[in-house]
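# Provided below for reference: sequence and predicted model.
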Amino acid sequence: MNITRNVVNDLLPVYLSGEASADTKTLIEEFLRQDPELSRMVEEQRREFGAQKELLRPAVAPSADHQLQTLTRTRLLMERQKWSMALALMLTAFPLSFVFSGSHLTFLILRDEPVLAAASWVGAVFLWVHYFIVRRRLRRSGL
């Protein structure tokens, strides 16, 4: 049986990846001994493929409790988001507390304690920022 260079070229990817059978390896190695030019080219490809093989290695498998850790972390983020929103809403509305006395509206906090109202709104701003940061993290993770 006459093996041509085209047949060997077709078998080279399987040979270089290490997936060729013993007979195919023997056939290719015998042909490479007879053809030094192709042998040189195969050595260059082997070096290139060896460098790329590191990239093809699978990543480290996740630990056995990886899903549990992910679920726990997600629940924690969602809990933080819930509390941030609740406290931000409370601090935002707190300075706007009012009562009707007679026929007019009296603001309880803004009239008596403007510094407390400003502090409440500053706290609300920080909580709203925290809420949107956590929300963005959850959305980016696909939740």
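Cool, got the structure.

# Neighbours of F49, how many?
Residues lying near F49 (other CB atoms under 10 Å) number 16. C-beta: built from backbone N, CA, C; applies to glycine.

# Just confirm it contacts Y15, I think it does.
No: F49 is not in contact with Y15 according to CB atoms under 8 Å; the separation is 10.2 Å.

# okay, now P95: neighbour count?
If you count neighbours by other CB under 10 Å, P95 ends up with 20.

# Without its sequence neighbours, what residue ends up closest to it?
Leaving out its chain neighbours, the residue that sits closest to P95 by CB to CB, 6 or more residues apart in numbering is A117, at 3.5 Å.

# wait, the one you found sits on S97?
No: with contacts counted by CB under 8 Å, A117 stays clear of S97, the gap being 9.5 Å.

# host element of the residue nearest to P95?
Element membership for A117 (DSSP states H and E) is helix 114-140.

# Give the buried residues for that helix.
117, 120, 123-124, 127-128, 130-131, 134-135 (16 or more other CB atoms under 10 Å).

# Stretch 28-46 too?
Of the residues in stretch 28-46, 28, 31-32, 38, 42 count as buried by neighbour count, 16+ other CB under 10 Å.

# which residues sit in contact with R80?
By CB atoms under 8 Å, 6 or more residues apart in numbering, R80 lies in contact with 130, 134.

# In the protein, mark out all the strands, start to finish.
Under the criterion DSSP state E, the chain contains strands at 98-101, 104-107.

# Out of those strands, the one nearest M90 is which?
Among the strands of the chain, the nearest to M90 by CB to CB is strand 98-101 (15.6 Å).
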